[in-house]
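> give the three-dimensional model of this entry:
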Amino acid sequence: MTAATVPIISCRDVTKTFGALAAVKKLSFEVAEGETLGVGGPNGAGKTTLFDVISGMNPATSGAIHFAGADITRLSPERICHRGVLRTFQLNAGFDSLTVAETALAAAQFGRQDSLWPRLAFNAAARAARDDALELAGLSGLKDAATETLPVFERKLLMIASALAAEPKLLLLDEPAGGLTPKEIDQVIDVVDAIKARRITIILIEHVMRFLVRVSSKVMIMDHGEKIYEGPPEGLARDAAVVEVYLGAGAAAGLRSQFNGGDA
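Okay, here's the model as predicted:
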């Protein structure tokens with residue numbers, strides 16, 4: 001294995017159970033630095049639970065997660081965050097009482113590094129990280145807007161910008177294109193492309209297949225907590241298990257057409 005392919009995150013036999021229910025079952029995969037892994041699968045497949053496990057919000061029942069050479073399996077969410085693993089959520093969460101700039105600044109100040117004592121003032125490095133993140137996400141013109149007034153699209157971008165302001169090494173995006181119009185999806189694609197250009201590793205969950213296959217260097221499909229496919233996006237429509245449990249014949253034909261330049 002060359003230095004370029006050394007994984008920045010490695011999951012080995014990761015399992016998460018809730019009583020008798022195994023939401024994630026002995027899942028193993030790894031992602032190289034600068035790579036983008038797209039995760040798909042039907043509702044209830046365990047995708048968001050996987051994010052909860054990686055980010056420490058709901059630690060794994062068994063198995064191991066290594067990030068940047070260190071075992072993070074049992075670390076708290078804040079310690080994992082400070083190591084460089086940031087995430088967004090399906091729900092368009094935000095600090096409604098703050099402005100766009102204030103929300104991103106809070107992430108930059110408290111998400112980038114740990115501190116024994118709370119800071120009484122925002123520092124210059126946090127302000128610079130905030131401004132850079134808002135510009136990358138296309139929100140520089142909305143700095144003074146109240147978060148509570150933002151529509152769905154801008155709230156999604158603000159979540160991404162807030163995560164970026166904490167300077168992630170690994171960014172977990174949970175359905176960044178969900179509920180958006182085709183034009184808005186294209187704009188999020190542009191943002192993700194800009195993030196990829198900075199060699200930030202990304203794992204994203206998405207049901208919008210056009211988005212998933214466009215931005216992902218490889219794809220993993222889950223079903224009932226297990227991996228049923230891992231490989232290049234163009235292989236999805238040829239995999240019988242993926243077509244049967246997730247895509248269906250119609251969507252598979254559409255993907256084949258997309259990769260064949262319009263020929264079904």
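> need the longest helix for this protein.
For the chain, the helix that runs over the most residues, judged by DSSP state H, is helix 182-197.
> could you give the mean pLDDT of that helix?
Averaged across helix 182-197, the pLDDT comes to 98.
> quick one: that helix to chain centroid distance?
Put simply, helix 182-197 sits 13 Å off its chain's centre (Cα atoms, centre = their mean, to the nearest Å).
> list the buried residues in that helix.
Within helix 182-197, the residues that count as buried by 16 or more other Cβ atoms under 10 Å are 184-185, 187-189, 191-192, 195-196. (C-beta placed from N, C-alpha, C; glycine too.)
> go on, stretch 34-47?
35-41, 45-47.
> next step: those restricted to helices.
residue 47.
> identify, from the buried residues of stretch 34-47, the entry nearest to residue 26.
Nearest to residue 26 among the buried residues of stretch 34-47 is residue 46, at 11.5 Å by Cβ to Cβ.
> any idea what sits nearest the closest one, other than its immediate chain neighbours?
Distance criterion Cβ to Cβ, 6 or more residues apart in numbering; nearest residue to residue 46, sequence neighbours excluded, is residue 225 at 4.0 Å.
> what about residue 9, which helix or strand?
Per DSSP states H and E: residue 9 is located in strand 7-18.
> one more: residue 248?
helix 248-259.
> name the residues that touch the strand holding residue 9?
The contact list for strand 7-18 (Cβ atoms under 8 Å, 6 or more residues apart in numbering) reads 22-33, 46, 49-50, 52-54, 58, 60-68, 169-170, 201, 203, 225.
> and the residues you listed, which of them are buried?
22-25, 27, 29, 31-33, 46, 49-50, 52-54, 58, 60, 63, 65-68, 169-170, 201, 203, 225.
> name whatever forms a beta bridge with residue 64.
residue 12 (DSSP bridges).
> that older thread, tabulate the CA atom coordinates of the helix holding residue 248 in CSV.
In CSV, the C-alpha atoms belonging to helix 248-259 read as follows (Å, rounded to 0.1, in the frame of the first residue of the first chain):
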residue,chain,number,x,y,z
GLY,A,248,-35.1,-1.1,-8.9
ALA,A,249,-35.0,-1.8,-12.6
GLY,A,250,-36.0,1.8,-13.7
ALA,A,251,-33.4,3.6,-11.6
ALA,A,252,-30.7,1.1,-12.7
ALA,A,253,-31.5,1.7,-16.4
GLY,A,254,-31.3,5.5,-15.8
LEU,A,255,-27.8,5.0,-14.2
ARG,A,256,-26.6,2.9,-17.0
SER,A,257,-27.8,5.6,-19.4
GLN,A,258,-26.0,8.2,-17.4
PHE,A,259,-22.7,6.4,-17.5
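> any buried residues in that helix, and which?
The neighbour-count check on helix 248-259 (16+ other Cβ under 10 Å) flags 252, 254-255, 258-259 as buried.
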